[in-house]
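>>> Structure for the following, please:
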Amino acid sequence: MRRVVVTGLGAITPVGNDVDEFWNGLISGKCGIDEITLFDTTNFKVKLAGEVKNFNVEDHFDRREAKRLDRFSHFALVAARELMKDSSLDINSIDQTRFGVAVSSGIGGLQTIENNAQTLFEKGPDRISPMYIPMAINNMAAGNIAIEVGAKGESFCMTTACASATHTIGECFRIIKHGYQDVMIAGGTEASITPTGIAGFTNIKALSQQQDKTRASIPFDKERSGFVMGEGAGILLLEELEHAKKRGAKIYAEIVGYGATSDAYHITSPAPDGEGGARAMINAMKDAGVNPEDVTYINAHGTATPLNDKYETMAVKTAFGEASKKVMVSSTKGHTGHLLGAAGGVEAVACIKAIETGIVPPTIGYKVKDEECDLDIVPNVARKADVKYAMSNSLGFGGHNSSILFKKYEE
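Model prediction:
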């Protein structure tokens, strides 16, 4: 099978609007959670979210283009532009038909849907924007990126709730590995900090109603009470190794394993004991041909919901056995909140930067030990370590589980 490497990164997050700022925010313990400014929360129980800060759309798009794109597509395109610049990929020197784009979203253009629903109720059907559908549908982040960069290969959007971006990266790994494409832009984007987004997740009892931003998103802490909504995008350039070497690309890391499973249990709750998540991790390690003790770091799904963190801890113990006592397991959702369909994208970037820099990002906001979450969660302070293998986990509503495994690149 062909080897697949990462040759470009792009990110826009609540703790930084590019990869370097994002990474520095993680390792310095920066919290990107604050009061919601995108809409009036007067009548809402939830007041906090992880918004992207200092993002002026007109710095990136002309006024007409900005109005024809939803916020989730804004984020995707900005991250993709960073990635293309970072990768130094010359579109004119490659086979564009073997260059694809797969960028996921859990919900897509939710603000556009809300705006047009309000127009329908107040002004009638003839006033609905002709751009409503192209702005709202989930696949348009991938479609808009493909159009902008000239990628004529496979282009699609996987939607598996909070597992979407990790599923997408894993499937793109397989597409290149098995020879269908040479290069893929892969990741996720999300912009669901909207009235119906916050109200919907509040009423399903998923969101924390904590008012103190330092105690709102607290993965693995005994006082955790739910996740905090985040937004942004995280995108990778995946490339067949020989293709990358031929053009002299910088290689950040190699992607070597992918596992995906279904709980077949419940629409929102993980399976008891984290059985499905454990199988995803085991399958990723089998795919890579590595043993549990080889893995240095796991970027956990770690949402700070009572059930997720308990069952994910159990899943790691099942998948890693005795090695679970030594592997470092942190959640970066204390920094960013939960980016839903984009979470696995920004967390994949975190894994790759951990490999590149030899620094493991911490789980911030941690104060109260939970005996049921007794892994080494790298509490509050980043840690220096030689990271050879890093795993990223994502577990989505509907019982979707996905794990991807990155390796330090070696000839």
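
>>> quick check, distance from the helix or strand bottoming out on mean pLDDT in the chain to the centre of its chain.
Using mean pLDDT, DSSP states H and E, helix 63-67 stands out as the lowest-scoring helix or strand of the chain, at a mean of 94. Distance, stretch centre to chain centre, for helix 63-67: 26 Å (CA atoms, centre = their mean, to the nearest Å).

>>> After that helix, which helix or strand is next?
Toward the C-terminus, helix 63-67 is succeeded by helix 71-87 as the next helix or strand (DSSP states H and E).

>>> Report the buried residues of that next one.
For helix 71-87, a neighbour-count test (16 or more other CB atoms under 10 Å) marks 71-84, 86-87 as buried. Every C-beta, even on glycine, is put in place using the N, C-alpha and C of the backbone.

>>> re the thing from before, residues in contact with the least confident helix or strand of the chain?
Here helix 63-67 makes contact (CB atoms under 8 Å, 6 or more residues apart in numbering) with V57, E58, H60, H74, M131.

>>> can you rerun that using 7 Å?
V57, E58 (CB atoms under 7 Å, 6 or more residues apart in numbering).

>>> same deal with stretch 346-361?
Contact with stretch 346-361 is made by 6, 9, 11, 13, 19, 22-23, 26-27, 169, 232, 234, 236, 252-253, 297, 299, 328, 330, 332, 336, 339, 378, 382-387, 390, 392, 404, 406, 408, as judged by CB under 7 Å, 6+ apart.

>>> got the residue ranges for the helices in the stretch 301-411 of the chain?
Secondary structure of the stretch 301-411 of the chain by DSSP state H, counting those that start in this stretch: the helices cover 306-320, 333-336, 343-357.

>>> out of those helices, nearest to I193?
helix 333-336 (12.2 Å; CB to CB).

>>> what's the first-to-last distance across stretch 285-300?
Its first and final residues considered, stretch 285-300 spans 15 Å by CA to CA, to the nearest Å.

>>> quick one: average pLDDT of it?
Throughout stretch 285-300, pLDDT has a mean value of 98.

>>> go on, stretch 357-367?
Per-residue scores along stretch 357-367 average to 98.

>>> Which positions within that stretch qualify as buried?
Those buried within stretch 357-367 under the rule 16+ other CB under 10 Å are I359, V360, P361, P362, T363, I364, G365, Y366.

>>> In strands, which of these fall?
I359, V360 (DSSP state E).

>>> now the buried residues of stretch 357-367 in CSV, with distance to T196?
Below are these laid out as CSV (distance: CB to CB, whole Å):
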residue, distance to T196
I359, 38
V360, 37
P361, 32
P362, 33
T363, 30
I364, 29
G365, 27
Y366, 32
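
>>> Most widely separated two among the buried residues of stretch 357-367?
I359 and G365 (18.8 Å).

>>> so when I look at L26, I'm seeing a strand, right?
No. The secondary structure assignment for L26 gives helix rather than a strand, going by DSSP: H, G, I helix; E, B strand; the rest coil.

>>> Mind pulling up the pLDDT for it?
So, for L26, pLDDT stands at 98.

>>> Repeat that for G398.
Reported pLDDT for G398: 92.

>>> Report the contact partners of it.
Contacts of G398 by CB under 7 Å, 6+ apart are T160, A161, I267.

>>> among these, who's most crowded?
Neighbour count (other CB atoms under 10 Å) singles out T160 as the most crowded of the contacts of G398, with 25 neighbours.

>>> Can you pull the domain assignment for the chain?
4-246, 259-406 (automatic domain parsing).

>>> looking at these, which is buried most?
A comparison of those by mean neighbour count, using mean count of other CB atoms under 10 Å, puts domain 259-406 on top with a mean of 23.

>>> how about the helices in the stretch 51-200 of the chain?
Here the stretch 51-200 of the chain has its helices, by DSSP H, counting those that start in this stretch, at 63-67, 71-87, 110-123, 132-136, 140-149, 164-177, 195-203.

>>> Would you single out the least confident of the ones you listed?
Minimum mean pLDDT among the helices of the stretch 51-200 of the chain: helix 63-67, a mean of 94.

>>> List the residues that contact the residue nearest to I169 when sequence neighbours are not counted.
Spatial nearest neighbour of I169, chain neighbours left out: A186 (4.7 Å); criterion: CB to CB, 6 or more residues apart in numbering. Listed by CB under 7 Å, 6+ apart, the contact set of A186 reads A102, T168, I169, C172, I235, L236, L238.

>>> got it, and G302?
Contacts of G302 (CB under 7 Å, 6+ apart): P219, F220, D309, E312, S331, K333.

>>> at 6 Å what do you get?
P219, S331, K333 (CB atoms under 6 Å, 6 or more residues apart in numbering).

>>> Out of these, which comes closest to D95?
Looking across the contacts of G302 and measuring by CB to CB, the closest to D95 is K333, at 38.5 Å.

>>> mind listing the strands in the stretch 251-400 of the chain by residue range?
For the stretch 251-400 of the chain, the strands defined by DSSP state E, counting those that start in this stretch occupy 253-262, 297-299, 328-330, 359-360, 383-384, 389-396, 400-407.

>>> Same list as before, the ones you listed that is, but in JSON lines and with distance to N116 included.
Formatted as JSON lines, these follow (distance: least, CB to CB, whole Å):
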{"stretch": "strand 253-262", "distance to N116": "33"}
{"stretch": "strand 297-299", "distance to N116": "36"}
{"stretch": "strand 328-330", "distance to N116": "40"}
{"stretch": "strand 359-360", "distance to N116": "44"}
{"stretch": "strand 383-384", "distance to N116": "47"}
{"stretch": "strand 389-396", "distance to N116": "26"}
{"stretch": "strand 400-407", "distance to N116": "28"}
